[in-house]
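>>> Below are the sequence and a predicted model for it; my questions follow.
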Protein chains: 2
Amino acid sequence: MADAPVRALILAGGSGTRLWPRSTDERPKPFLALTGGESLLRETYRRAAALVGAGNVFVSGRSSHAPLLAAELREVPESRLVLEPMRRNTAPAIALSALAASEDVSDTVFAVLPSDQAVRDEPAFLAALRTAAEAARTHDAFVTLGIPPTRAETGFGYMEVEEKTGEPGISLKEKEERDGSIRRVVRFIEKPTPARAEEFLASGRFFWNAGIFVFRTSYLFEEMERVCPDVLKAARLAHAARKAGDRSSFSETFSSSPSVSIDVAVMEKARCVLTIPYACGWSDLGSWEAVFEFRGGAPGVNVLEGPAAAVNGSGNLVLAQGRPVRVVGLSDVFVVDSPDGLLVMRRGASEALRKSVEEGLSR
Amino acid sequence: MADAPVRALILAGGSGTRLWPRSTDERPKPFLALTGGESLLRETYRRAAALVGAGNVFVSGRSSHAPLLAAELREVPESRLVLEPMRRNTAPAIALSALAASEDVSDTVFAVLPSDQAVRDEPAFLAALRTAAEAARTHDAFVTLGIPPTRAETGFGYMEVEEKTGEPGISLKEKEERDGSIRRVVRFIEKPTPARAEEFLASGRFFWNAGIFVFRTSYLFEEMERVCPDVLKAARLAHAARKAGDRSSFSETFSSSPSVSIDVAVMEKARCVLTIPYACGWSDLGSWEAVFEFRGGAPGVNVLEGPAAAVNGSGNLVLAQGRPVRVVGLSDVFVVDSPDGLLVMRRGASEALRKSVEEGLSR
């Protein structure tokens, strides 16, 4: 196990009605340059390559996005691009990719990185991932990154960690010196009520679950065999069909898997989940408010991109694309242009936007 | 004179930085469908044709807009399309057009209609114009339409009319029965101060000058000979060159004219200016606020055009064009989309818009 390679899996799925008009089914969130630089996918790829080396990066994505993926990730050969013929949530996708990533070795340390997020401090983020990879190498465990909550968010999943205590014969201080900042996760909590989210924020024992985690593939298969053998079985059959180049069998076997998330199928039932805190700036960019804040926006501060001007106003997010955009006499307004549509929104109205997009453009 | 034909001249010039991004030098205000139906030019053409018959409609426009004019006004032959090679304001343009419109007859009743305006009650508007045409036939006078002011506007020109009094031997009532609502204009006032505009609004003796007026061409030439012979002389030379098809001489002679408005060059010095009130809804559509109000917008009432939705808000003007536009959680906001740019503006911020457009898109 000491020589197990470290590999990474980028999850290139994801969507979001709250990022209309930029995010669409045809071009979902990972393909958007929401931080103002490259696409989120491309930024995730760079981090993954820095962590494990370019040749060890695998990507899980949707067949329908194959041309987009090829254009964004020219460095990733087809063999490491694990395309799903249909959406089956994260458990089948991760199982299939883990099989592809470990077939040439007896075991692999495998880091799963969603590509619909942004991190502010890349070196600190990579350092946390390296600590997690080292822990995964030496423990039978899923090692997650835990994001210390900065607000009482009700839209995220949380992880509760055990209280810091000493052990018989070892003081708390000695224990911390031995284990670093690694903590054991005792519970997953999905989308809490506002009151509970406030408690979580205050307690210091709860972390946001960013869906970033590292494990040995042998441990994943062992746990799946125990808690969701049907998912693993479908993944094994699909993997064999994929290797054989049998598309119709691949599609059939993959589709036979239950559609379930890795959290629900495996993590919540796993014997050991650990967490490493990463506290240096993370965002799910789940709404235009999140994009605004991640890019330094605040009341009084405009965030402008492209040929945009905000005159007599502040606290605006203006993302122009090609055509000039003028925002005149307004504050705390988000304007997002795109070839597919145009959004003009009061800051804080993302929930109404989501509803409106789901209902379609009726009056 | 009883048999002088009635002809109309549409002024197809006009521009406006306050209507960015729809109005540009390449496609100025008359070519925009600001009332929600046809272009203002097309609407003006329909009114002119209803007034004088399609064969009696002349159009004054800019050479650079020839393709646009031809596309909008296919019914108007080249002979009645009087194109200026360069801008010289309204006096030279009207003189040249009046010469073209009267060369086949000894005299013409000529109605000048700007095409950058909208009227709400077309039958009432045409009735007022017919009264004006009849007065112009029987009086040596410029007969204007006077718009009773509805607010203390400081951006318009005003006309002051004489007080209603009886005449020796005739009571006021008898005089009104004889003359109808025709009043004599005693003074033109350009863009008053706010205080004076308030006085004008209260007095009842001041009307907005919409630039709509009717006269006999013989009377126009007579007055021009007296008060601006240089303008008339240049127009006569340009008219001869135009008839002869000599483009370079046309351009040279037309450009030799002083650049001056018909108001300053002629009307303010004329021996007799009369006015007929038209009180049934008129707008210069000089800003997005004016467009919003003309189209029934008000606090609490959205005006939407094209694939537009306004969710959780009211009092918005949303002019979509092609792409869907969503306005979420905002009130009293104007959103105007166009292929050339996008405007998002607080209602009432037109002055800041004008400044911003003049300064260019800098931050």
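Received the coordinates, thanks. Residues are numbered from 1 along each chain as shown, chains lettered A, B, ... in the order given.
>>> Would you mind listing where the stretch 251-363 of chain A has pLDDT under the threshold?
Under the criterion pLDDT under 70, the flagged ranges of the stretch 251-363 of chain A are A:361-363.
>>> ok, which residues in the stretch 1-150 of chain A are in contact with chain B?
A:20-21 (Cβ under 8 Å from any Cβ of the partner chain). Placement of C-beta: from N, CA and C, glycine included.
>>> quick one, strands of the stretch 1-150 of chain A?
A:6-11, A:57-62, A:81-84, A:109-114, A:118-119, A:142-147 (DSSP state E, counting those that start in this stretch).
>>> The stretch 201-350 of chain A now?
Counting by DSSP E, counting those that start in this stretch, residue ranges of the strands within the stretch 201-350 of chain A are A:206-216, A:273-277, A:282-283, A:303-305, A:308-311, A:317-319, A:325-328, A:333-338, A:341-346.
>>> Need the winner for burial among these.
strand A:325-328 (a mean of 26; mean count of other Cβ atoms under 10 Å in any protein chain shown).
>>> related to what we said a few turns ago, and B:R323, which of the strands of the stretch 1-150 of chain A is closest to it?
strand A:57-62 (25.6 Å; Cβ to Cβ).
>>> In TSV, list the strands of the stretch 1-150 of chain A along with mean pLDDT and distance to A:R46.
Below are the strands of the stretch 1-150 of chain A laid out as TSV (pLDDT from 0 to 100; distance: least, Cβ to Cβ, whole Å):
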stretch	mean pLDDT	distance to A:R46
strand A:6-11	98	11
strand A:57-62	97	10
strand A:81-84	96	17
strand A:109-114	98	11
strand A:118-119	96	11
strand A:142-147	98	17
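>>> export these to a markdown table and tack on mean neighbour count?
Shown next, in a markdown table, are those (neighbours: other Cβ atoms under 10 Å in any protein chain shown):
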| stretch | mean neighbour count |
| --- | --- |
| strand A:6-11 | 24 |
| strand A:57-62 | 24 |
| strand A:81-84 | 22 |
| strand A:109-114 | 26 |
| strand A:118-119 | 22 |
| strand A:142-147 | 26 |
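>>> Quick one: residues contacting the residue in the stretch 1-150 of chain A that chain B sits nearest to.
Nearest residue of the stretch 1-150 of chain A to chain B, counting by Cβ to the nearest Cβ: A:W20, 7.1 Å away. Taking Cβ atoms under 8 Å, 6 or more residues apart in numbering or on different chains, we find A:W20 in contact with A:341, A:343, A:353, A:357, B:326.
>>> repeat for A:S261
Per Cβ under 8 Å, 6+ apart, neighbours of A:S261: A:89-91.
>>> nearest to A:N312, of those residues?
Of those, the one sitting nearest to A:N312 (Cβ to Cβ) turns out to be A:T90, at 46.3 Å.
>>> What sits closest to the closest one if chain neighbours are left out?
A:I262 (4.4 Å; Cβ to Cβ, 6 or more residues apart in numbering or on different chains).
>>> Next: A:A54.
A:E75 (5.7 Å).
>>> With A:R46 instead?
Per Cβ to Cβ, 6+ apart, closest to A:R46 is A:E38, 7.8 Å.
>>> Burial check on that neighbour, number of neighbours?
13 (other Cβ atoms under 10 Å in any protein chain shown).
>>> could you measure it against B:A128, distance?
The gap separating A:E38 from B:A128 is 64 Å, by Cβ to Cβ, to the nearest Å.
>>> and what of A:W208?
In terms of Cβ to Cβ, A:W208 sits 70 Å off from B:A128.
>>> Please apply the same query to A:P92.
Distance from A:P92 to B:A128, by Cβ to Cβ: 76 Å.
>>> The two: which has the busier surroundings?
Taking other Cβ under 10 Å, A:P92 and B:A128 do not tie; A:P92 has more neighbours (30 against 21).
>>> Let me know how buried the closest residue to the more buried one other than its chain neighbours is, in neighbour terms.
In space, A:P92 comes closest to A:S257 once its chain neighbours are excluded; the distance is 4.1 Å by Cβ to Cβ, 6+ apart. Other residues near A:S257 number 26, with proximity taken as other Cβ under 10 Å.
>>> contacting residues around the spatially most central residue of chain A?
By Cα atoms, centre = their mean, chain A has its centre lying nearest to A:P114, at 2.8 Å. If you count contacts by Cβ under 8 Å, 6+ apart, A:P114 has them with A:10-11, A:14, A:44, A:210-212.
>>> same check, this time on A:E75
A:45, A:49, A:54, A:57.
>>> what sits against the second one?
Residues touching A:A49, when contacts are defined by Cβ under 8 Å, 6+ apart, comprise A:57, A:75.
>>> Same check on the last one?
Contacts here follow Cβ under 8 Å, 6+ apart; on that basis A:V57 touches A:7-8, A:10, A:45, A:48-49, A:75-76, A:80.
>>> one more time with 10 Å
A:7-10, A:44-49, A:51, A:73, A:75-76, A:80-81, A:101, A:111, A:113 (Cβ atoms under 10 Å, 6 or more residues apart in numbering or on different chains).
>>> Distance check, A:P324 against A:S338.
On the measure of Cβ to Cβ, A:P324 and A:S338 end up 15 Å apart.
>>> Could you do A:R88 as well?
Distance, A:R88 to A:S338, by Cβ to Cβ: 29 Å.
>>> Same question for stretch A:247-257: list its buried residues.
Buried residues in stretch A:247-257, counted by 16 or more other Cβ atoms under 10 Å in any protein chain shown: A:250-251, A:253-254, A:257.
>>> For the residue in the stretch 151-300 of chain A that chain B sits nearest to, which non-adjacent residue is spatially closest?
Of all residues in the stretch 151-300 of chain A, A:W288 sits closest to chain B, at 10.0 Å by Cβ to the nearest Cβ. Distances taken as Cβ to Cβ, 6+ apart place A:F334 nearest to A:W288, at 4.8 Å, with adjacent residues excluded.
>>> For the stretch 1-150 of chain A, which segments count as helices?
All helices of the stretch 1-150 of chain A, identified by DSSP state H, counting those that start in this stretch, fall at A:40-52, A:66-72, A:90-102, A:122-138.
>>> from the ones you listed, which stretch is densest packed?
helix A:90-102 (a mean of 25).
>>> Now do A:M267 against A:M159, distance only.
Taking Cβ to Cβ, one finds A:M267 at 9 Å from A:M159.
>>> do the same with A:E78
According to Cβ to Cβ, A:E78 and A:M159 sit 35 Å apart.
>>> could you measure A:V291 against A:N316, distance?
A:V291 is 13 Å from A:N316, where distance means Cβ to Cβ.
>>> okay, and the common contacts of those two?
Joint contacts of A:V291 and A:N316 (Cβ under 10 Å, 6+ apart) are A:297, A:303, A:334.
>>> which ones are touching the second one?
If a contact means Cβ under 10 Å, 6+ apart, then A:V303 has A:36, A:291-297, A:310, A:315-319, A:334 as its contacts.
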